[in-house]
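**Student:** Build the 3D model from these lines:
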Amino acid sequence: YSASREEVLASARALKERRETAHRRPLRTVFEALDRVGQLWGEESSPWRREALEVLPALTRQSRQMVQHELDMVSQLLWRKKLEQCVVRELGSLNILEGWVEAGDLMLHRQPRGLILHNLAGNAFILSALSVLFSLLSKNPALLKLSHDDPYFGVRFVDSLAQVDAGLAQDLAVL
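**Tutor:** Numbering: from 1, shown residues only. Below you'll find the model as predicted:
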């Protein structure tokens, strides 16, 4: 399936309309939803994980063990504690994405940029999860163009996010 020009433009317009909603969303909401999505993908009995273990080895030409490893990595990346540590390590503060914080003699606030396009390539399916993760943490709606080598995981990942938090998933389009 290839998205038409009209579908891409319609998705981009819809995401631009979500910009203010994404910017105002409390970061704790994002952390909570991503943590729950990580649990869905990490549980051995999860239907999301079982389906991925059936589809991804053939689609990506990776071994089942490699797919399991990447699913474990996705799950662990989404743990709230790890996400909070990542934001603090990269930006110096969790609060810097929510408002103004002191930084010596300065006041800083990391502002969202707006609509982000991620053009993914290759068969490393973890890339779509990372794109979603960083878009949501930075409070930017995102349009993901999936690789023809993996047209599956990004869609299913956002579907699992929609199961956990439908409003948050509306800030993403995967084509």
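
**Student:** buried set for the longest helix along the chain?
**Tutor:** Identified as the longest helix of the chain according to DSSP state H is helix 27-42. Residues of helix 27-42 classed as buried by neighbour count (16 or more other Cβ atoms under 10 Å): 27, 30, 31, 33, 34, 35, 36, 37, 38, 40, 41, 42. In short, each C-beta sits where N, CA and C put it, glycine included.

**Student:** Can you tell me which of those comes closest to residue 49?
**Tutor:** residue 41 (5.6 Å; Cβ to Cβ).

**Student:** can I assume the closest one is in contact with residue 161?
**Tutor:** No - with contacts counted by Cβ atoms under 8 Å, residue 41 stays clear of residue 161, the gap being 10.4 Å.

**Student:** about what we covered before: now the buried residues of helix 27-42 in TSV, with pLDDT?
**Tutor:** Below are the buried residues of helix 27-42 laid out as TSV (pLDDT from 0 to 100):
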residue	pLDDT
27	93
30	96
31	96
33	97
34	97
35	97
36	97
37	98
38	97
40	95
41	97
42	95
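
**Student:** ranges for the helices of this protein?
**Tutor:** Counting by DSSP H, one finds helices in the chain at the ranges 5-17, 19-24, 27-42, 47-60, 64-77, 80-91, 126-137, 153-164, 166-169.
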